[in-house]
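S.K.: please work out how this folds:
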Amino acid sequence: MYFRVTNLGFNFFITVLFTLLIAGSLVHSGMYFYYPSQFSWYTFLLVASFFICVSGIYLSATARKMDWRIPLPIVLFLMWGMYVFLHGLLLYQFNTKHIYLISVALFTFSVYILFKEYNYRINNLLWIICTAGLIESLICIAQFLGVTGSANSYFSVTGSLVNPNITAMFLVMCIPAALNKFFHIKNRIWYSVLLLAMLFSAILLLKCRTAYIGACLATFIPLNYRYNLTDRLINKSNRKAVVLMVIIASGILIPLAVNLYNSKKASADGRKLIWKLSLNMISEKPVTGYGYARFTHDYNIYQANYIQAGKASESQIENAGYVHMAYNEFLENTLEGGIPGLLIFSGLLLSFIFPLKKCSLLAKPSKASNTLAYNYKPYAHGAICAFAAMSIFNFTIKAVPVMCLFAIYLALFSSKQSYGQTVPKLNSIRTRNFNLLSGLVLSTLGLTILINQIIHTNAQIKNKKAAELIAAGSFVKGAKILTQINEVLNGSESYWVNCGNLAVATKQFSEAIFAFNQATKLTADPDLYYMLGKSYEKNGDLILAAQQYSTAKYIEPTRFKPRAALMNMHLRARNFESAIVFAKEIAQLKPKIKSEEVNRYKNRAVDVLKKLGVKNGRSKVSSEINFRPKNG
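M.R.: Down below sits the predicted model:
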């Protein structure tokens, strides 16, 4: 039975969902989750899956015949989601990243359906994006002025998120919405000017070079549609002016680019190493890849082996470290999903390069054209191109608020045909039965994901509670919770870390070894290998302990803790020559960030060298020396 949805009520309901989605994705909180970023992750998945259900119900219930010629970007997005699903199902273990990517694909399709077939007030959505951008900008400025603290002790300005790069890229994605308000809301132009000023100021304060590139594109493309900038540049009558502009721009941009590179040279050189080793890994598994969500584990182990084999230069060793992503979505997608995954993802982004040929906002739209497309598409196009550019230099897919806005802009761009559009249309089917069937499939998929994520969210909240109980010494209560959530979270490294910490606290080192080994199958955090080494050492297996400490050392070569553990272990075993080697390494190692902990390690190493009588590379061992570490 079909029915019509009340416009006002449904518009309000969808607006509330968009508000929850965007606001929730901008919260990093360790109050309920083991990792602060999990709050953003699970909020997005819960709201997005509910949104998919709503879209499916609407699709099933609508009495209208729908145009099922789906734009190419939406088709490619759905193909990507299907490929990720089959890749995880057939080749590798299904994990949270598979769920995330599939959810994003279905969410994009759901938003597209609502924008295309339901007269949703898109202006409401743009106001939500602008307001979120304004609030984030105010937080950044307040942090810069010292009014409030940042969410990360390593950075003075981060916004509401732990990682300032995510905040900066999110603000870039807000620029097109703000430009839309600037050009189309004349009676509130002061708000638009203030908003744009705040956005650009916050982006500068966050010091994210990727965001600078994205901001240029997010601004230029809408302006190009409005003022035909590229046409004016290639006009022969303007050639002298263009040459002069190019000279001036080169004089500004080249020194600026060099300055930006030198300002974070270590970071840039570190990314060059990541890209080089990622290409090496891709050449070994070009077709299937290593599996989605496997980058963090497989890359760091590969890098550790590369350094241990002596293939890395001194500068590469200085800039190497434990990384979570490739800082290039094209490389990471190829490494994880193989060349087929790269082709689909690249095709998705490339389909937007020249989608609106000869479309100018100065020209008046024809009567047949859609005014929504006329008002919104160029701005959505700017956001999408900014996302594509930022994907070359940083992580955008796992940056939840950035990916959220990308999905929304993509759906908005694809939802309405505009004059001059060249995006092909596929699958022309017009039947109510097809609406009903498609809606049932979509709502079923959304409901399945929603139930799955409710279960996982509840388990992750319990996992955080267990961690707090273990830290407080309530081992029995902590163990009881961990037993309850084992079946749900046995693929989560934070769960196994909790189990390992509990086992260490209760001196069950064999159980700790098992738990930390399970965690190291999922990620390659050097702290895990350090804890695994400690557990082996406590269990009396010094050879395996040394192997784990060494792995931790090579994953992050500038880290002191694994070297200190190796030095102390050799001292206890009275293997003084090896202890001297590690003590020298600690004494000579340059820290990336100076801290009291680093000073303690260095002082301890110098003390050991003095007691062993090391001078000019020679040692004089005394049997009366006390080698017990001062700090455990």
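S.K.: so which helix or strand of the protein has the lowest pLDDT on average?
M.R.: Lowest by mean pLDDT, DSSP states H and E among the helices and strands of the chain is strand 425-426, with a mean of 46.
S.K.: in terms of secondary structure, what does the helix or strand following that one contact?
M.R.: Later in the chain than strand 425-426, the nearest helix or strand by DSSP states H and E is helix 432-471. When contacts are defined as 3 or more CB pairs under 8 Å, 6 or more residues apart in numbering; DSSP states H and E, helix 432-471 sits against helix 37-61, helix 96-117, helix 475-484, helix 486-489, helix 493-505. (C-beta placed from N, C-alpha, C; glycine too.)
S.K.: now the next helix or strand after the first one, how far from the centre of its chain.
M.R.: This means helix 37-61. Next in sequence after helix 37-61, counting helices and strands by DSSP H and E, comes strand 70-71. Relative to the centre of its chain, strand 70-71 is centred 28 Å away, using CA atoms, centre = their mean, to the nearest Å.
S.K.: mind listing what strand 70-71 pairs with, with the direction of each?
M.R.: For strand 70-71, the paired strands and their directions (DSSP bridges) read strand 425-426 (antiparallel).
S.K.: check contacts around R188.
M.R.: K181 (CB atoms under 8 Å, 6 or more residues apart in numbering).
S.K.: assign it to helix, strand or coil.
M.R.: helix (DSSP: H, G, I helix; E, B strand; the rest coil).
S.K.: quick one: contacts of stretch 492-499?
M.R.: For stretch 492-499, using CB under 8 Å, 6+ apart, the contacting residues are 34-35, 96, 460, 463, 466-467, 470, 478, 482, 485-486, 489, 511, 515-516, 518-519, 522-523, 525, 528, 531.
S.K.: swap in stretch 572-589?
M.R.: With CB under 8 Å, 6+ apart, stretch 572-589 has contacts from 542, 558, 560, 563-564, 566-568, 570-571, 601-602, 604-606, 608-609, 612, 614, 619, 621, 627.
S.K.: and with 7 Å instead?
M.R.: Outside of stretch 572-589, the residues within contact range by CB atoms under 7 Å, 6 or more residues apart in numbering are 542, 558, 560, 563-564, 566-567, 570-571, 601-602, 605-606, 608-609, 612, 614, 619, 621, 627.
S.K.: CA atoms only: put stretch 55-64 into PDB for me.
M.R.: The C-alpha trace of stretch 55-64 is given here as PDB (Å, rounded to 0.1, in the frame of the first residue of the first chain):
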ATOM      1  CA  SER A  55      15.400   5.900   2.400                       C
ATOM      2  CA  GLY A  56      14.500   2.300   1.700                       C
ATOM      3  CA  ILE A  57      11.100   2.700   3.400                       C
ATOM      4  CA  TYR A  58      10.400   5.900   1.500                       C
ATOM      5  CA  LEU A  59      11.300   4.200  -1.800                       C
ATOM      6  CA  SER A  60       9.000   1.300  -1.000                       C
ATOM      7  CA  ALA A  61       6.200   3.500   0.000                       C
ATOM      8  CA  THR A  62       6.300   6.100  -2.700                       C
ATOM      9  CA  ALA A  63       3.500   5.900  -5.300                       C
ATOM     10  CA  ARG A  64       5.300   7.800  -8.000                       C
END
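S.K.: for it, what is the average pLDDT?
M.R.: Rounded to a whole number, the mean pLDDT of stretch 55-64 is 80.
S.K.: ok, now stretch 542-558?
M.R.: 94.
S.K.: so which bits of that stretch are buried?
M.R.: 542, 544-546, 548-558 (16 or more other CB atoms under 10 Å).
S.K.: over to stretch 47-64?
M.R.: Neighbour-count burial for stretch 47-64 [16+ other CB under 10 Å]: 47-60, 62.
S.K.: now swap in stretch 180-187 and tell me
M.R.: N180, K181, F182, F183.
S.K.: how about the strands in the stretch 501-632 of the chain?
M.R.: Counting by DSSP state E, counting those that start in this stretch, one finds no strands in the stretch 501-632 of the chain.
S.K.: sorry, that was for the stretch 101-250 of the chain
M.R.: Under DSSP E, counting those that start in this stretch, the stretch 101-250 of the chain gives no strands.
S.K.: how about stretch 590-608 as PDB, C-alpha atoms only?
M.R.: Provided in PDB are the C-alpha atoms of stretch 590-608 (Å, rounded to 0.1, in the frame of the first residue of the first chain):
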ATOM      1  CA  LYS A 590      67.900  12.000  18.600                       C
ATOM      2  CA  PRO A 591      64.300  12.200  19.800                       C
ATOM      3  CA  LYS A 592      61.600  13.500  17.500                       C
ATOM      4  CA  ILE A 593      60.000  15.200  20.500                       C
ATOM      5  CA  LYS A 594      61.900  16.000  23.700                       C
ATOM      6  CA  SER A 595      60.300  14.800  26.900                       C
ATOM      7  CA  GLU A 596      61.100  13.900  30.500                       C
ATOM      8  CA  GLU A 597      60.700  10.200  29.600                       C
ATOM      9  CA  VAL A 598      63.400  10.600  26.900                       C
ATOM     10  CA  ASN A 599      65.700  12.300  29.400                       C
ATOM     11  CA  ARG A 600      65.200   9.400  31.800                       C
ATOM     12  CA  TYR A 601      66.200   6.800  29.100                       C
ATOM     13  CA  LYS A 602      69.200   8.800  28.100                       C
ATOM     14  CA  ASN A 603      70.400   9.400  31.700                       C
ATOM     15  CA  ARG A 604      70.000   5.700  32.400                       C
ATOM     16  CA  ALA A 605      72.000   4.800  29.300                       C
ATOM     17  CA  VAL A 606      74.800   7.200  30.200                       C
ATOM     18  CA  ASP A 607      74.800   5.900  33.800                       C
ATOM     19  CA  VAL A 608      75.200   2.300  32.500                       C
END
